[in-house]
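Task: produce atomic coordinates for the following.
(2 chains)
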Number of protein chains: 2
Amino acid sequence: MSYFDAASAAPLHPVARQALLASLDEGWADPARLYREGRRARLLLDAARETAAELVGCRPDEVVFTSSGTRAVHSGIAGALAGRRRAGRHLIVSAVEHSSVLHAAEVHEAGGGPVTRVAVDRTGAVAPEAYAAALRPDTALACLQSANHEVGTEQPVAEVAEACRAAGVPLLVDAAQSLGWGRVGGDWSLLAASAHKWGGPSGVGLLVVRKGVRFAPQGPADERESGRAAGFENIPAIVAAAASLRAVRAEAAEEAARLRELTERIRARVPELVPDVEVVGDPVRRLPGVVTFSCLYVDGEALLHELDRAGFSVSSGSSCTSSTLTPSHVLKAMGVLSEGNVRVSLPPGTPAEDVERFLAALPDAVAGVREKLGAPAPAAAVREGALVVDAVGKLCPVPVIELAKVIGDVPVGGTVRVLADDEAARLDIPAWCAMRGQEYVGEEPADRGCAFTVRRLS
Amino acid sequence: MSYFDAASAAPLHPVARQALLASLDEGWADPARLYREGRRARLLLDAARETAAELVGCRPDEVVFTSSGTRAVHSGIAGALAGRRRAGRHLIVSAVEHSSVLHAAEVHEAGGGPVTRVAVDRTGAVAPEAYAAALRPDTALACLQSANHEVGTEQPVAEVAEACRAAGVPLLVDAAQSLGWGRVGGDWSLLAASAHKWGGPSGVGLLVVRKGVRFAPQGPADERESGRAAGFENIPAIVAAAASLRAVRAEAAEEAARLRELTERIRARVPELVPDVEVVGDPVRRLPGVVTFSCLYVDGEALLHELDRAGFSVSSGSSCTSSTLTPSHVLKAMGVLSEGNVRVSLPPGTPAEDVERFLAALPDAVAGVREKLGAPAPAAAVREGALVVDAVGKLCPVPVIELAKVIGDVPVGGTVRVLADDEAARLDIPAWCAMRGQEYVGEEPADRGCAFTVRRLS
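Below is the predicted model:
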């Protein structure tokens, strides 16, 4: 079995396991107590805080341990917004942030706070100038991830931090995907991260608030963690988190180079091995272990099952794999194909042979799903003098499959209309046009769903 | 070393340790994922939820795992208040709840929500009738602990739950101190608890929301745990928490009887061994392992240090041991002596010999502290024809010591005024009067602090 979903959760690092075991016996007591078990727990907590600070590149008293990365993001955004209430309420996020950031922004918006979502280009990156242009006199906080969790694209954090600093606006960096690889450069103000992304245990997040940043913790008061993270400290897990961060950092440079070769190979080979594939994300400025691609005419969930059966654990941003049946907001913001989407994120230590086995298994897995889906006859009908494909009620990737089946019947220069009510069609029909060299004319409301018009160019 | 502070945190139960180790390898992946590591994690999570539900006495889909007991309380109160917004905003708590409940109530109050704090008697218990009388047509939620964390007194949860049910008001029970000993009886609506109180690992809380209870989770949306606890599930710790709850429950009846004997012995022997001691809390309706007493003329922090040196880890509700230099709100609400306060809370398995050693060491520890504090000469001066003790600027237990030193100079029937600005004096001077058979006349504001008037009766 090859686990290729390190961007969701990395298996526990051996050093984390060892540190966790050792501190289960030493770190269970209340570090606020004056007796020896309490003092011992306090020493462990202080040492872990110093380690984390050194690896983040900040002061120990700027580090708060939270119960998860999500909690670090939620608390960081709420505290920074409240601390900057006098400056204004405007919040900036990129359109491709992790859902924890976007959901915090939604809560702020529901409470009447204005939110700007900065768009990204087709690689998933924000342009520093576009981000800077979103800054306003009433901007309270700006948020930007260090690298994207779905496509691996690195964001221009240092440039954006500089623009924010010039405008006097604190920048919160969600460093969940990159902290294991190295410090986040640039003059940021707040940082959030999650231990189980770097091989630490679940249950530990990191919130860093630089000295001088106005911060007002929200929610009920609690004395622990400088009043910034309520609840009894999970010291064994915190110790393990700090120890494993140190361990992965020691191996980071070498391992990054190795994984980068492996993902480079996937990026290069997949389009050669599998027809009708779009590899997405920045080819150069990207995380070492992440590569993402989408396969036309493929159902993402079915492909995940095929790959799971073949012994590979990957994730997908296709609509069929989400509980809301909408494509990933990241793929949507990038405007790339969402059907048959696969994210491969290699954990440190992944053997090269596993990647070769994956490349050997993928073509059959894709072909198998395509064959199953290819069966239905196109529901094409001529109406109002133009070709119309009625794919209403059909889910991704069927509307695109049916479009592909009839395009040969359209005269060059003529158009075909696809009626569809699946959310993914809005993304995947234009993406198919771009991949196939056809013209996407636009969409208009129809009786049920939308009508998407495509002109045949060749 | 004898650790007698199980009410703060219990050492990890061997079963918890074993379960944690086993599930570190099986439960680290994202349970929301479709591949095998994810499915395996989901199975572990589901099994732990079923175990917890069985031991709580509820349905599995009523159980939410949170990152701490504090978080369970905060989320439970916020969600229940929001869910009942239409009924009103009135919140009822007892005056002796855990700080997590009281801090949640303060946030509600700061937002304009009315809060009633139900008083307790001298044993620390609420009267069911008094609690019922606090219910109003606009009451959204009522909160009551199953047993008090500082003095061990059990609350009449079943009676209060019945009154709440009759009024159509949900009752949230903070069962942190008692869940390891057994199910919470009565028809409650919500329940919160914390795994590290029953020998589970840190980082796991339990929030139970009965079907039919209106509940609107607050904060940013998150799909995990039915939308009621944001952040990646800490499955190894959750598995360990459930396993250890089952283990301690299997031993609960026998161990409760044994610990009850030991704490009964402490309750009986301490007043015989140490002069001027008040044992507090209900002598009968109480937790098996908790016993609390206060020693006149003793500085709580100094006593804790003496006991720590003698090899005993206990906690204290005295003002000198709190970061805010105020006595514990529980002792305050009970109106009992707060100086020289000691809480002994025995973990399951405590050997009887350890308790005997504690009883042997305590008299010297108390005498040592008293001797050190007894040195200062009384700062008494006659003014306005009445005896006045100026203890302004002196901290607990000095004002009471100085009062005790001059009472012999007061004619029977005459009064003495103690000037003090230490918060603990308000509690400890009346408590001293009650213990010594003198009359506490009352307090009035003075230039600095307050003047407390005491009449000598004998």
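
only C-alpha atoms for contact and neighbour calcs from this point on.
OK.

show me what contacts the most centrally placed residue in chain A?
Nearest residue to the geometric centre of chain A (CA atoms, centre = their mean): A:H149, 2.6 Å. Neighbouring residues of A:H149 by CA atoms under 8 Å, 6 or more residues apart in numbering or on different chains: A:7, A:98, A:177.

my guess is the last one is in a helix, correct?
So the one you mean is A:Q177. No - using DSSP: H, G, I helix; E, B strand; the rest coil, the assignment for A:Q177 is coil, not a helix.

these two touch, right, it and A:E150?
No - contact criterion CA atoms under 8 Å: A:Q177 and A:E150 do not qualify, at 9.7 Å.

Need the overlap of contacts for the two.
By CA under 8 Å, 6+ apart, the residues touching both A:Q177 and A:E150 are A:A7.

related to what we said a few turns ago, Provide the secondary structure category for the residue nearest to the centre of chain A.
A:H149 - assigned by three-state DSSP - is coil.

just to revisit the earlier point, of the contacts of A:H149, closest to B:A72?
For the contacts of A:H149, the closest approach to B:A72 (CA to CA) belongs to A:H98, at 24.4 Å.

and the nearest residue to A:A391 once chain neighbours are set aside, what is it in contact with?
Nearest residue to A:A391, sequence neighbours excluded (CA to CA, 6 or more residues apart in numbering or on different chains): A:A420, at 4.9 Å. Contacts for A:A420 (CA under 8 Å, 6+ apart) come out as A:390-394, A:399, A:448-452.

repeat that with 7 Å
Contact analysis of A:A420 by CA atoms under 7 Å, 6 or more residues apart in numbering or on different chains lists A:390-393, A:399, A:449-451.

beta partners for it?
Beta-bridge partners for A:A420, by DSSP bridges, are A:C450.

how about the residue nearest to A:S315 when sequence neighbours are not counted, phi and psi?
The shortest distance from A:S315 to any non-neighbouring residue, by CA to CA, 6+ apart, is to A:R343 (5.3 Å). With angles defined as degrees, to the nearest 10, A:R343 sits at phi -110, psi 120.

Is it correct that A:R343 is in contact with A:F312?
No - here A:R343 does not reach A:F312: they are 11.4 Å apart, not a contact under CA atoms under 7 Å.

Would you state the strands of the stretch 251-400 of chain A in chain order?
For the stretch 251-400 of chain A, the strands defined by DSSP state E, counting those that start in this stretch cover A:277-280, A:290-295, A:312-313, A:341-345, A:380-383, A:386-390.

can you put the ones you listed in TSV and add distance to A:G374, mean pLDDT and mean neighbour count?
Below are the strands of the stretch 251-400 of chain A laid out as TSV (distance: least, CA to CA, whole Å; pLDDT from 0 to 100; neighbours: other CA atoms under 10 Å in any protein chain shown):
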stretch	distance to A:G374	mean pLDDT	mean neighbour count
strand A:277-280	17	94	22
strand A:290-295	14	96	26
strand A:312-313	24	97	25
strand A:341-345	18	96	27
strand A:380-383	15	46	13
strand A:386-390	15	85	20
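
Take these and write them to a markdown table, including distance to B:E254.
Below are the strands of the stretch 251-400 of chain A laid out as a markdown table (distance: least, CA to CA, whole Å):
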| stretch | distance to B:E254 |
| --- | --- |
| strand A:277-280 | 63 |
| strand A:290-295 | 55 |
| strand A:312-313 | 47 |
| strand A:341-345 | 51 |
| strand A:380-383 | 76 |
| strand A:386-390 | 71 |
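
Now do the residue nearest to A:A391 against chain B, distance only.
Counting by CA to the nearest CA, to the nearest Å, the separation of A:A420 from chain B is 27 Å.

the helices in the stretch 101-250 of chain A, which residues?
Ranges of helices within the stretch 101-250 of chain A are A:128-134, A:157-167, A:235-273, based on DSSP state H, counting those that start in this stretch.

brain fart, the stretch 301-450 of chain A
For the stretch 301-450 of chain A, the helices defined by DSSP H, counting those that start in this stretch cover A:329-334, A:352-374, A:398-406, A:425-436.

for these, which one sits closest to B:A52?
When the helices of the stretch 301-450 of chain A are compared (using CA to CA), the closest one is helix A:329-334, at 35.7 Å.

Work out the gap between the closest one and the centre of the chain.
10 Å (CA atoms, centre = their mean, to the nearest Å).

Next: stretch A:213-231.
Using CA atoms, centre = their mean, the offset of stretch A:213-231 from its chain centre is 27 Å.

list the buried ones in that stretch?
Using 16 or more other CA atoms under 10 Å in any protein chain shown as the burial criterion, the residues of stretch A:213-231 that qualify are A:214-222, A:224-225, A:228-231.

mean confidence for that stretch?
Regarding stretch A:213-231, the rounded mean pLDDT is 92.
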